[in-house]
Each structure stands twice: as structure tokens, then as C-alpha cells.
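Peer 1: When you get a sec, could you give me coordinates for this:
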Amino acid sequence: MTENITARPDSSRRNLALFLTMRGFGAFAAQMLDVAVGWHVYAATGSAMSLGFIGLAQFLPLLVFLHWSGQASDRFDRRKVAAAALLGQAAASLAIFVTALLDAPIWLFYPALFALGSARAFSGPANSALLPEIVDKSAFSRAIAMSTMVFQTATIAGPALGGLLYGAFGIRVFLICVAMAAVAAPLVMAIRWPGAVKERCDFEPAEKSALAGLRYIRSNKVVLGAISLDLFAVLFGGVTALLPIYAHDILMVGPAGLGFLRAAPAMGAILVGLALTVLPLRRRVGPIMFACVAGYGAATVVFALSTHFALSIAALAALGACDVVSMVVRQTLVQLATPNEMRGRVAAVNFLFIGASNQLGEFESGFAAALLGAVGAALFGGVASLVVVVVWAVLFPQLRKADVL
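Peer 2: Take a look at the predicted model:
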């Protein structure tokens, strides 16, 4: 186990800088990879369901490795777990490149994407559990906003550059993703571990480990409400999987345009992330969160109906701006309220929910688009997100009335 020892201020600043740099490289590589894979698959198949299976292939590992990923972060050096996951991401990216180079059948992409999702299943809990140990609690909300800002910065540059590079160099963009993930691994190992580490190789039974995290979340109504609100709003309202269809068939802007569409939510998120680092949320966090999730749904409706590239970019930027507030509130609530010795298991459950909203949401979008068309699927998702806000406001009054983090 790791002792709950706060790092000294000098080492804390160094550790946070290394953590944020590692997070930026890893996120940059992941975003470039995602946009390139999405375009490659849709250009080859023209199938919305093929795009949906990209999300499903990356969600399933979160479920399969739920109890191992959380326990690994609670029983081993979290730096080693995060570094190994980054190397796994690099290996999966290399497999995707080889599959594309050999012009293999599209279905062979999905095992490589499953491997990518497996690496992310371990990196998420490890990074989440590590951050509270290298940042003073009084500054943790600001550190979360900084981490979110770094991630969103990477998701602005990553998709845009990934789309441009794919348009110019084709599948060789996957090799850049390999290199960036590999570079990130030694950065996390350079972090000075703030507490003594006593590694254990014994693992709890799967049902006991998974239920420990679930029981904690279930017992805290505010945390449960925050996580589930984000889960269902993004599950229905997410349009990421539909962007290749919009770029190819509706807006007709090519792979470079797809990159800018993928980057647009992060453009809005980075502005709000910057604001939150200077003016962190202090009061009325519950009402603010509900208002922002409602804004997320409304922005999705506008994007669904837009046929103009500029308006689509603006709608996606507004969507990202609203989403980052929900992300900061949720992550701060979950990480600060969880005992250190079980942060990994709780984080694993939290990342399963996040994966359900993002990757499983991509599968839902692909399935809905196959039935309703891309516009119908996006419109349905935006309206469903607004309905979720109303229902959750009734089901979770504690969250709706929450004043401080």
C-alpha cells in the first residue's frame, strides 16, 4: 500500500510539471490516433456501424479489466503502472499501423483497438490515483483544472494535426503516435514518489474488488449523481463517432476538416479550463454543473442541425466548454473524498463509467446513425441529454443543491 504522505512543496511542483507533461504527450498521441483511425475506417467502409465498433472495441477492456486495473493502482507503484500502460498504448498504435500498411480487412483493426483500450484501462486509474499524492489538497481543485487544461490543449492540437498529417502522409501518422506514447513513459517514472511503497502481489477476488469501488460510489449520493449525470448525458449526447460522417458527407471538409471538428470541443474547454485555474469553483457547484450539462445538450442539438462548418465548430466549442465544468466537479469530488488506499479501485469504476459515456457512447451513436441517419442520431442525443438533466435534478437533490466541493 502507499502511505498518504503529501510531497514537499519543491518536489510537488516538479512532480506536477512531470505529470502534466506526461499527460500532454499521452493525450496528444491518443487524439491523433483516434481521428486518423476514424477517418481511415469510414473512408474504407462508409459504414456508421464500423465507426460504432471502434468505440465498443475500446470500451470492452474497461469492463474486462475492471478489478485488475483498480487493484494494480492500489497495490503497485502507480508510476510503473502508468508507464507500462503508455508502452502498451505505443505497441497498440504500432499494431494499427501494421494493419493499415498491409491493407488488412477492417475487422483486424478491432483487436488492436481492444489492446489500446486495455492500456487505457490501466492508465486512467493509475494517473487519477497518483495525482492527489503529488499535489497539496488545498490546491487540488486548481491542479485538476490544470490537468484538464493540458488534456484539452492536446485535444485541440492532436486531432487538427492528426487530420492534416493523415491528409498529407496517410497512415504514417500512426508512427508518430507510437513515438509520442513511448516518450511519455519515462516522464512518469521520473516523478519522485512522495510516500513509501510496499508492493503486494496478492489480488482480491474480482467481485470483492469491483464491489468495493461500487459500494463507495453508491454510498455517496453526490458523487453517484455527478458520475451518473455525466455518464448518461455524454452516452446519449456524444457526437464524436459521427464526426467522420459529418466531415465526409454533410460538411464535405475532408480529413483536415475532421481534425478541426475533433479539436473544436477542446477549443471551448481550454478557455474554460484556463478560467478555472485562475477562478476555481467555490460556491453553487451543483447548480453550475446542471446548467453546464444542459448547455452540453443544447449545443449538441445545434450541431446536429448545422450544415455550415463555422456554426458546427462553434457548437462543438460550446459543447466542450460546458463539458469541462462537469469534468472538474466530478473529478474533484471523487478523488478528494476517496481514501488513498482505495483510490485505484474507485478510479477504475469511475473510468468504467467515463468509458461507458465516451466509447460506449460512440457505439450507441453508430448504431443510432445506422437507424436514423447521422443528423437524426445527433439530434436524438442532444434532446436525450436535456431529458437526463431534468430527471437527475429530481433524483439527486443533494447534487442539485450542492454548494461547495
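
Peer 1: contacts, neighbours, all on C-alpha from now
Peer 2: Fine.

Peer 1: For the nearest residue to Ala91 once chain neighbours are set aside, list the residues it contacts.
Peer 2: Counting by C-alpha to C-alpha, 6 or more residues apart in numbering, Ala91 lies nearest to Val178, which is 7.0 Å off, once chain neighbours are set aside. Taking C-alpha atoms under 8 Å, 6 or more residues apart in numbering, we find Val178 in contact with Ala29, Gln89, Ala90, Ala91, Ser93, Leu94.

Peer 1: Next step: the residues you listed restricted to helices.
Peer 2: Secondary structure assignment by DSSP state H places Ala29, Gln89, Ala90, Ala91, Ser93, Leu94 of the contacts of Val178 in helices.

Peer 1: From those residues, pick the one nearest Gly254.
Peer 2: In terms of C-alpha to C-alpha, no member of the ones in helices among the contacts of Val178 lies closer to Gly254 than Ala29, at 20.8 Å.

Peer 1: where does the stretch 101-250 of the chain dip in pLDDT?
Peer 2: Along the stretch 101-250 of the chain, the model assigns pLDDT under 70 to residues 136-141, 152, 155, 193-213.

Peer 1: hey, where'd the helices end up in it?
Peer 2: 109-134, 140-169, 173-189, 206-219, 221-237, 243-245 (DSSP state H, counting those that start in this stretch).

Peer 1: Serialize those to TSV and add fields for distance to Ile54.
Peer 2: Formatted as TSV, the helices of the stretch 101-250 of the chain follow (distance: least, C-alpha to C-alpha, whole Å):
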stretch	distance to Ile54
helix 109-134	7
helix 140-169	16
helix 173-189	16
helix 206-219	25
helix 221-237	15
helix 243-245	12
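
Peer 1: between the ones you listed, which gets nearest to Val64?
Peer 2: Closest to Val64 of those, according to C-alpha to C-alpha: helix 109-134, at 8.6 Å.

Peer 1: hmm, back to that, and the ones in helices among the contacts of Val178, which is closest to Pro125?
Peer 2: Gln89 (15.0 Å).

Peer 1: Spatially nearest residue to Gly26 (excluding sequence neighbours)?
Peer 2: Ala181 (5.3 Å).

Peer 1: Can you tell me which of the helices of the stretch 101-250 of the chain is most buried?
Peer 2: By mean neighbour count, with neighbours taken as mean count of other C-alpha atoms under 10 Å, helix 243-245 ranks first of those at a mean of 26.

Peer 1: Go ahead and name everything in contact with that helix.
Peer 2: Contacts of helix 243-245 (C-alpha under 8 Å, 6+ apart): Gly38, Trp39, Tyr42, Ala48, Leu258, Leu261, Arg262, Ala374.

Peer 1: Out of those residues, the closest to Ile144 would be?
Peer 2: Arg262 (22.4 Å).
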